[in-house]
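Novice: got a structure for you, letters missing:
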Ligand SMILES: Nc1ncnc2c1ncn2[C@@H]1O[C@H](COP(=O)(O)OP(=O)(O)OP(=O)(O)O)[C@@H](O)[C@H]1O
């Protein structure tokens with residue numbers, strides 16, 4: 001984001017958002033905790049829908065949203081604000097010729113950053129992947145969440161405080177601590193949050209998410225999702241490949257042929273390109289076999305001009 005400019009998001013529930021019983025249950029719980037005034041924390045591995053759910057809950061809260069994405073370079077000023085320059089005011093008054101009056105004033109220009117704006121105006125803060133910021137940068141959240149006071153040093157050239165607006169809400173997301181580029185969050189911050197742990201979607205939800213993105217026939221979508229889920233459950237310790245892989249494969253097949261009538265070889269090639277790079281080298285042979293099996297089990301309509309692809 002440009003220093004000195006800020007975009008607030010007027011969030012509306014997305015039409016693409018899929019609500020299956022699994023999603024409704026967790027989204028209602030999150031909304032309920034948030035409505036009660038608790039800061040909520042959606043935690044879980046990559047691709048389990050944390051950010052999407054955070055934005056959905058924020059939209060349901062109905063206030064404008066301030067989005068912050070965690071960054072290891074952040075300091076307190078990236079959340080709270082900073083002195084963005086100085087204004088120099090020089091006045092020379094020579095109205096009476098024999099008297100010259102001058103005034104030279106230098107004032108600092110303060111820029112409120114996103115946390116300050118959200119706290120002061122009672123907006124909803126979505127702090128995505130907050131553990132990608134160093135814990136020191138996030139320390140300021142402790143008093144915001146506990147005492148409802150945000151210390152702002154340097155505003156108007158002095159130490160001051162912002163009283164947190166009663167409508168202020170906060171939604172955090174994070175990946176597990178063992179992920180690359182993620183800091184261990186301070187216990188004091190975690191202790192202030194209501195953490196909801198997200199895991200892989202159930203099959204119904206995953207199929208519904210893919211269905212919402214492509215125009216493929218249902219059996220093709222189910223086949224792709226089942227393949228991805230089998231690999232995830234048996235050949236990965238990080239819950240990958242995620243639903244993103246199902247979406248990518250389905251979208252590309254949709255792009256090539258709306259009916260999914262691509263050749264077995266083509267299907268294998270697309271799956272290999274999408275899945276194998278995220279599988280450890282020890283397990284690639286087994287995953288390749290699964291992909292070949294999935295391709296050969298396809299119940300297809302008679303091929304059209306498959307050779308064209
Ligand atoms: N309820 C939903 N409805 C529709 N699409 C969804 C839903 N939940 C997740 N998705 C889709 O699934 C994919 C992964 O979701 P999302 O980016 O929210 O996951 P994440 O847990 O935040 O991942 P990461 O940790 O990698 O940022 C995205 O393509 C997203 O659009």
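Specialist: That came in fine, so what should we check first? Predicted, not measured: the structure shown is a model, and the values here were computed from it.
Novice: the helices in the protein, which residues?
Specialist: Residue ranges of the helices in the chain, as given by DSSP state H, are 21-35, 50-61, 76-79, 114-121, 135-138, 140-146, 187-192, 203-211, 218-235, 243-256, 264-275, 284-296.
Novice: so which of these comes closest to residue 162?
Specialist: Residue 162 lies closest, by C-beta to C-beta, to one member of those: helix 114-121, at 5.2 Å. Bear in mind the C-beta positions are built from the backbone N, C-alpha and C, glycine included.
Novice: show me the domain layout of the chain.
Specialist: Under the assignment automatic domain parsing, the domains of the chain span 21-81+111-197, 203-308.
Novice: ok so, going back, can you redo the helices of the chain as TSV with mean pLDDT and mean neighbour count?
Specialist: Below are the helices of the chain laid out as TSV (pLDDT from 0 to 100; neighbours: other C-beta atoms under 10 Å):
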stretch	mean pLDDT	mean neighbour count
helix 21-35	96	16
helix 50-61	96	21
helix 76-79	91	19
helix 114-121	95	22
helix 135-138	93	17
helix 140-146	95	18
helix 187-192	93	14
helix 203-211	97	20
helix 218-235	92	19
helix 243-256	94	20
helix 264-275	93	18
helix 284-296	90	15
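Novice: so can I have TSV of these showing distance to residue 99?
Specialist: Listed next are those as TSV, based on distance: least, C-beta to C-beta, whole Å:
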stretch	distance to residue 99
helix 21-35	63
helix 50-61	60
helix 76-79	44
helix 114-121	44
helix 135-138	53
helix 140-146	50
helix 187-192	60
helix 203-211	77
helix 218-235	83
helix 243-256	74
helix 264-275	80
helix 284-296	88
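Novice: looking at these, which is closest to the ligand?
Specialist: helix 50-61 (3.4 Å; C-beta to the nearest ligand atom).
Novice: any bit of the closest one sitting next to the ligand?
Specialist: Yes - applying C-beta under 6 Å from any ligand atom, one finds helix 50-61 touching the ligand at 50, 51, 52.
Novice: what residues does the stretch 151-300 of the chain have near the ligand?
Specialist: Checking the stretch 151-300 of the chain against the ligand by C-beta under 6 Å from any ligand atom, the hits are 173, 175, 209, 212, 243, 244, 247.
Novice: ok, now with 5 Å
Specialist: 209, 243 (C-beta under 5 Å from any ligand atom).
Novice: hmm, back to that, closest one to residue 102 out of the residues of helix 50-61 next to the ligand, please.
Specialist: Taking the residues of helix 50-61 next to the ligand together and measuring to residue 102 by C-beta to C-beta, the closest member is residue 51, at 55.5 Å.
Novice: quick check: that closest one touching residue 128?
Specialist: Yes - the pair residue 51 / residue 128 is scored as a contact, 5.4 Å apart, by C-beta atoms under 8 Å.
Novice: shared neighbours of those two, which are they?
Specialist: Common neighbours of residue 51 and residue 128, counting by C-beta atoms under 8 Å, 6 or more residues apart in numbering, are residue 173.
Novice: just give me the neighbour total for residue 214.
Specialist: Around residue 214 sit 21 other residues, with neighbours defined as other C-beta atoms under 10 Å.
Novice: contacts only, for it.
Specialist: By C-beta under 8 Å, 6+ apart, the contact set of residue 214 is 221, 247, 250, 251, 253, 254.
Novice: which residue packs closest to it, ignoring adjacent ones?
Specialist: residue 254 (4.2 Å; C-beta to C-beta, 6 or more residues apart in numbering).
Novice: so the one you found makes contact with residue 210?
Specialist: No - at 9.9 Å, residue 254 does not count as touching residue 210 under the criterion of C-beta under 8 Å.
Novice: nearest residue to residue 69 in space, please, no chain neighbours.
Specialist: Leaving out its chain neighbours, the residue that sits closest to residue 69 by C-beta to C-beta, 6+ apart is residue 128, at 4.8 Å.
Novice: OK, contacts around the one you found?
Specialist: Shown in contact with residue 128 (C-beta under 8 Å, 6+ apart): 50, 51, 54, 67, 68, 69, 70, 173.
Novice: farthest pair within those residues?
Specialist: Pairwise over these, using C-beta to C-beta, the maximum falls at 50 and 68, 14.3 Å.
Novice: can you pull the phi/psi pair for the residue in the chain sticking out farthest from the centre?
Specialist: Distance from the centre of the chain peaks at residue 98, with 66.3 Å (C-alpha atoms, centre = their mean). Dihedral pair for residue 98: phi -80, psi -10, per degrees, to the nearest 10.
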